[in-house]
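Novice: here is a sequence with its predicted model. Questions after.
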Amino acid sequence: MQIVEASVREATYIALLARFTFTETFGHYFKDKTDLENYLQQTFNVKKLRNSLTKPNNIFWLAYIDDLPVGYGKLKLNSPSHFITDKNVCQLQKIYVLKDFLSKKVGLALQTKILERAVSSPAQKIWLSVLKSNERAIQFYKKNGFETIGDHNFQIGQEHFKFQAMAKNLR
């Protein structure tokens, strides 16, 4: 396995991985597949991801196995949360891995890179959001030192999702 910091030239890989992994993770929740398709097009289009990759607060990593991109992660520096009173916090925004590669510990490798970079930043804490029904992910984050700090909702089209926020001290 190889984990590399992504650049703008990998935006197409990230866009494709994002569409597949989001659909694998959340696709079954959508009664109206048009809502899913619209969200994928708005959120994970190549132009938007290229733009995101140019922002200094966004750092992406790609995971490769046998030269195939199989997952990605994103850290957003200086990303406040209304659940945290500290002023300098960062956000583990994304760790997504293709289902066929979950057993290869790709998520853990991506999280390690994200946490290494977060620790080297001025941030005091790192936070994330996870779908409340995604028990596998919640247990993964708990095992790695994250604690629940609150709940929030998110809507995509007609679908309402319940998330929990989790955080971890970096110092």
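Specialist: It's in. Numbering: from 1, shown residues only.
Novice: once you drop chain neighbours, what's closest to L40?
Specialist: Distance criterion C-beta to C-beta, 6 or more residues apart in numbering; nearest residue to L40, sequence neighbours excluded, is R19 at 5.1 Å. All C-beta spots, glycine's among them, are computed from the backbone N, C-alpha and C.
Novice: pLDDT (mean, whole number) over the strand or helix carrying A18?
Specialist: Applying DSSP states H and E as the criterion places A18 in helix 11-26. Across helix 11-26, pLDDT averages out at 96.
Novice: buried sites along it?
Specialist: Applying a neighbour-count criterion of 16 or more other C-beta atoms under 10 Å, one finds A11, Y13, I14, A15, L17, A18, R19, F20, T21, F22, T23, F26 buried in helix 11-26.
Novice: now do it: everything it contacts.
Specialist: If you take C-beta atoms under 8 Å, 6 or more residues apart in numbering as the criterion, helix 11-26 is touched by 6, 36, 39-40, 43-46, 49-50, 53, 60, 62, 69-72, 94, 96-99, 131, 134, 161.
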